[in-house]
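Engineer: Build me a model:
(one chain, ligands or ions: 3)
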Amino acid sequence: MTPDSRTPTLDRVACPADLKRLNDAELTLLADELRHETIETVSRTGGHLGSSLGVVELTVAIHSVFTTPFDKLIWDVGHQCYPHKILTGRREQMGTLRQKGGLSGFTKRSESDYDAFGAAHSSTSISAALGFAMGRQMGMPVGDTIAVIGDGAITAGMAYEAMNHAGHLKERLFVILNDNDMSIAPPVGAMSAYLNGIAEKGPLAVLRAAAEGIEAALPGPVRDGARRARALVTGMPGGGTLFEQFGFEYIGPIDGHDMGQLLATLRAAKARASGPVLIHCVTVKGKGYAPAEGADDKYHGVAKFDVATGAQVKSKSNAPSYTQVFGDRLTAMAARDPKIVAITAAMPGGTGLDVMARRFPARVFDVGIAEQHGVTFAAGLAASGMRPFCAIYSSFLQRGYDQIVHDVALQNLPVRFAIDRAGLVGQDGATHAGAFDIGFLASLPNMTVMAAGDEAELVHMMATAAAHDQGPIAFRYPRGEGVGVEIPAEGQVLEIGKGRVVREGEALAILSFGAHLSEALLAADLLAEEGIMVTVADARFAKPLDTALIDRLIADHGALVTLEQGAVGGFGAQVLQYLAGSGGLDRGRLIRTMTLPDKFIDQASPAQMYAEAGLTAADIAATLRGLAAKLEHRPLPLARPRLI
Ligand SMILES: Cc1ncc(C[n+]2csc(CCOP(=O)(O)OP(=O)(O)O)c2C)c(N)n1
Ligand SMILES: CC(=O)[C@@H](O)[C@H](O)COP(=O)(O)O
Ligand SMILES: [Mg+2]
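Structural biologist: Ligands and ions are numbered 1, 2, ... in the order given. Below you'll find the predicted structure:
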């Protein structure tokens, strides 16, 4: 601690054990300093600020009452864990947050023993905590288990599956519901209304009679509220809260920013609980930082910003983002076609559907964090005759996979999947990478799979999807800005399964699928300077493949490289499968697939991540150069391409 430190209490905390030496008043001071530190830190890195500010007191209280890492603290999503990182030995590294080689923006087991469970996709915490609790019951060296889940995350089915199971197992387990009445956007649905209903009863604590032991140990005002509320609740048919019906003891709502209430409640719960307990904390997203509290998005995710004003440093863009193009174009298409409806799973802004929602609020459905339901809901809409566009980020669509197989593809229903964040996304890292959708969709019967080579192609693919009433169809596009091509006033309906040749060359060909087309063209430019002329084709479709195009590329070139922003087992695998079956592989051509490598790539800028993946223009050029060298030593007559 320096004499003029603005964080004298925080300076005394190197790890959570140090909290045990602080009295309650000092813990309150610590929370204030931790909030200040979090704001300062995130102002220099950007990140998920609002959610982290909402759990500052909760973080201090949990680490002070429980003994982590023996006790397992599991943050749902993990985007609110910055104060936790600061208290658990990572304070000095916070400047590296979400950067290459730095700290992850989420909890990560390989990063710290205090990160009991890795996260970033939501609503997993109660299941994982219950797993730990049962491990303890079966003799594993595990202490108490505490899951902290938000009001947004608790809209997902997994949370209820876990509570259903926890109520059945009756094992001691703490679930802390961090209710800030916000998801990324304002929360939707009956659960949100229900939680608001409880919170509106005021500073009450509701407990079942079975929890009398905990209630007696609660601080005075909370206990009195509990008794009043229980009287209210027992007058209701069925009695008790929803959580109690699941077999949890329910405590709350308590003020999640009142250190006294938090400490007393957690201590009481820890001392007396025998089964699953849910503690309902009401908090404020962005708490304690006026620009965040005042913003519509509560500074959920921010760029670097000026602490004094809250003004964020936004990078200048040269072209509209794919997301913007999607949102604007779908709105225009919806204006002409009343059957077009759209579905988002709690990401109206992120998917660009907020634009259409403002114009056609009744035709955009925010289903909450419920990708599985969203997919099947879209299937139902399609079965009814509507034209649903189900807009879900690639990585979150993984949640709805069986629904895609069983409810959509198997019934051949024309759901249009708009798959944003395809490929590597940058600072959110491996958890948010859109790596697998090509493989998991292209393997499905009835499915059509497209990827946009640029933003104009996205517009054509949207028109194609809208016109495709024959079965399910997906189009993928990356995070961030487009390449700056002119966006056509009208999208053309593409012929299904038909690619295009973008640039004519000799001897070597690249068959690109998706937005890495720009890198393919850059690579071709690099090689042209060396006198190596490369044909570049845009496959547009991974399913059905343009087999005629592949045949011609194979016939006219000595080497073919496939390229995609996706994992092994995607587009390249489809092409190889076709060539193996058609005999194309027997023709002695050199064939390579360039995909993401078979590993998870940690957070960095997208460019750094693609460099790590070996997918830069220079990497592509190097692959082709190597093939050109091999061809020179081959006795193959290399016909000039006849492609246009
Ligand atoms: C399966 C999944 N879908 C969507 C998201 C995107 N997402 C991240 S945080 C968030 C909102 C979470 O709200 P809440 O749990 O209330 O936490 P808060 O941000 O309010 O603290 C969403 C939708 C995700 N991480 N995982
Ligand atoms: C935590 C989370 O899952 C989201 O907040 C995510 O970080 C959003 O990413 P985009 O910025 O790509 O919308
Ligand atoms: Mg919330």
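
Engineer: Can you give me the pLDDT of the residue in the stretch 451-600 of the chain that ligand 2 sits nearest to?
Structural biologist: Nearest to ligand 2, among the residues of the stretch 451-600 of the chain, is Arg479, at 5.3 Å (CB to the nearest ligand atom). Any C-beta I mention is one placed from the backbone N, CA and C, and that applies to glycine too. pLDDT for Arg479: 98.

Engineer: Could I get the phi/psi values of it?
Structural biologist: When quoted as degrees, to the nearest 10, the phi and psi of Arg479 stand at phi -70, psi 150.

Engineer: hang on, it packs against Val425?
Structural biologist: Yes: using CB atoms under 8 Å, Arg479 is in contact with Val425, at 4.7 Å.

Engineer: any shared contact partners between those two?
Structural biologist: Pro606 (CB atoms under 8 Å, 6 or more residues apart in numbering).

Engineer: tell me the contacts of the spatially most central residue of the chain?
Structural biologist: Geometric centre of the chain, nearest residue: His432, 4.8 Å, by CA atoms, centre = their mean. Going by CB under 8 Å, 6+ apart, His432 touches 120, 393, 395, 421, 425.

Engineer: Got the phi and psi for Gly453?
Structural biologist: Dihedral angles (degrees, to the nearest 10) for Gly453: phi -70, psi -30.

Engineer: Same question for Ile510.
Structural biologist: phi -110, psi 130.

Engineer: same question, the one 5 residues further on
Structural biologist: In this entry, Ala515 is assigned phi and psi values of phi -80, psi 0 (degrees, to the nearest 10).

Engineer: just checking, it touches Tyr477?
Structural biologist: Yes: the pair Ala515 / Tyr477 is scored as a contact, 6.4 Å apart, by CB under 8 Å.

Engineer: Residues in contact with both of these two, list them for me.
Structural biologist: Counting by CB under 8 Å, 6+ apart, the residues touching both Ala515 and Tyr477 are 322, 422, 451-452.

Engineer: ok, and the most crowded of those?
Structural biologist: Neighbour counts for those (other CB atoms under 10 Å) peak at Ala451, which has 33 neighbours.

Engineer: Contact partners for that one?
Structural biologist: 422, 438, 475-477, 513-515, 539-540, 542, 564-565, 571.

Engineer: same question, Asn196
Structural biologist: Asp181.

Engineer: quick one: it and ligand 1, what's the gap?
Structural biologist: Distance, Asn196 to ligand 1, by CB to the nearest ligand atom, to the nearest Å: 13 Å.

Engineer: how about the strand or helix carrying that residue against ligand 3, any contact?
Structural biologist: Counting by DSSP states H and E, the element that carries Asn196 is helix 190-200. No: Helix 190-200 does not reach ligand 3 (CB under 5 Å from the ion); its nearest approach is 9.3 Å.

Engineer: tell me which residues in that helix are buried?
Structural biologist: By neighbour count on 16 or more other CB atoms under 10 Å, the buried set for helix 190-200 is 191-192, 195, 198-199.

Engineer: The shared contacts of Ala515 and Tyr477: which two are farthest apart?
Structural biologist: Among the shared contacts of Ala515 and Tyr477, the pair separated by the greatest distance (CB to CB) is Tyr322 and Ala451, at 11.1 Å.

Engineer: wait, what's in contact with Asp297?
Structural biologist: Asp297 touches 50, 184-185, 349, counting by CB under 8 Å, 6+ apart.

Engineer: Could you provide those residues in a markdown table, with additional columns for secondary structure?
Structural biologist: A markdown table is the format used below for the contacts of Asp297 (DSSP: H, G, I helix; E, B strand; the rest coil):
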| residue | secondary structure |
| --- | --- |
| Gly50 | helix |
| Ile184 | coil |
| Ala185 | coil |
| Gly349 | helix |
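
Engineer: So which of these wins on neighbours?
Structural biologist: Counting by other CB under 10 Å, top hit in the contacts of Asp297: Gly50 with 26 neighbours.

Engineer: returning to that earlier point: is it possible to get JSON lines of the contacts of Ala451 that adds secondary structure and distance to ligand 2?
Structural biologist: Formatted as JSON lines, those follow (DSSP: H, G, I helix; E, B strand; the rest coil; distance: CB to the nearest ligand atom, whole Å):
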{"residue": "Ala422", "secondary structure": "coil", "distance to ligand 2": "12"}
{"residue": "Ile438", "secondary structure": "helix", "distance to ligand 2": "19"}
{"residue": "Phe475", "secondary structure": "strand", "distance to ligand 2": "18"}
{"residue": "Arg476", "secondary structure": "strand", "distance to ligand 2": "14"}
{"residue": "Tyr477", "secondary structure": "coil", "distance to ligand 2": "13"}
{"residue": "Phe513", "secondary structure": "strand", "distance to ligand 2": "22"}
{"residue": "Gly514", "secondary structure": "coil", "distance to ligand 2": "17"}
{"residue": "Ala515", "secondary structure": "coil", "distance to ligand 2": "15"}
{"residue": "Ala539", "secondary structure": "coil", "distance to ligand 2": "26"}
{"residue": "Arg540", "secondary structure": "coil", "distance to ligand 2": "25"}
{"residue": "Ala542", "secondary structure": "strand", "distance to ligand 2": "23"}
{"residue": "Glu564", "secondary structure": "strand", "distance to ligand 2": "20"}
{"residue": "Gln565", "secondary structure": "coil", "distance to ligand 2": "15"}
{"residue": "Phe571", "secondary structure": "helix", "distance to ligand 2": "23"}
